[in-house]
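Asks: just to be clear, the model below is a prediction. Sequence and coordinates:
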Amino acid sequence: LTSFLGLLDLKTGVTVALLFALLNKVAGIYGLIAVLTGAGGSFAQLSLYIYSVFALVALGWGLRVVKHEDPKQTLYFAHLFFADHIFSTSWTVFFALVWWLWTPHDGRRQANSSAQKAMMELGNATALTPAEREEAAMAIWNHEKGMAAAVIIISWLFKIYFTLLLYSYASHLRKGSYRSLPLSR
């Protein structure tokens, strides 16, 4: 690759990609805070949130390396970014399987914390029979599962593109050809 989507130079594109990754990892920090303050969650979620803290530190290092145009360190970071992609993909597959196959989509109301329970008791929910609730929940699930799958797949494809972009940037830095690219300054 010689540019980011044919519009921006490689370094700017890598920076944009890393800022998206940074946003994703910061969301993991908020998840960790939520779990630690009593919102509930599984061990799998907690471990992924803790991983996000370490990945956030690595992304900070990666942004610095990209900024300084260090060929060797950028290649190391590209390997780390690719490893993160593999790790994140495995967790995404795990959570998707849990959501699609093992999570009942029957509309049962469940509270994961005392705060959620209080909100459920306070709210004015429409009274539905269990059969009506299950029918409504399945209608929503059947409507939204295609969109959910599309978001997961598109995000995964973008992450592959971002990984290729980072490897391309590292390769051009190592060859000394980065400054000769059409959109590079």
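Replies: Now that the structure is in, tell me what you want to look at. Everything quoted here is computed from the prediction, not taken from an experiment. Residues are numbered from 1 along each chain as shown.

Asks: can you give the contact residues for stretch 5-20?
Replies: Contacts to stretch 5-20, defined as CB atoms under 8 Å, 6 or more residues apart in numbering, come from residues 1-4, 59, 62-63, 66-67, 69, 158, 161-162, 165-166, 168-169, 172, 178, 181, 183-185. (Glycine included, C-beta is placed from N, CA and C.)

Asks: what is the neighbour count of Tyr178?
Replies: Neighbours of Tyr178 under the rule other CB atoms under 10 Å: 21.

Asks: go on, the one 3 residues further on?
Replies: Around Leu181 sit 17 other residues, with neighbours defined as other CB under 10 Å.

Asks: I'd say it and Ser3 touch.
Replies: Yes - counting by CB atoms under 8 Å, Leu181 does reach Ser3; the two are 7.0 Å apart.

Asks: mind listing what's buried in stretch 100-120?
Replies: Buried residues in stretch 100-120, counting neighbours by 16 or more other CB atoms under 10 Å, are found at 105, 107.

Asks: run the chain-centre distance for that stretch.
Replies: The chain centre lies 23 Å from the centre of stretch 100-120; the measure is CA atoms, centre = their mean, to the nearest Å.

Asks: need the contact list for Leu22.
Replies: Applying CB under 8 Å, 6+ apart to Leu22 gives the contacts 56, 59, 63.

Asks: which ones among those lie within helices?
Replies: 56, 59, 63 (DSSP state H).

Asks: how about these in JSON lines, adding pLDDT?
Replies: JSON lines is the format used below for those (pLDDT from 0 to 100):
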{"residue": "Leu56", "pLDDT": "94"}
{"residue": "Leu59", "pLDDT": "95"}
{"residue": "Leu63", "pLDDT": "96"}
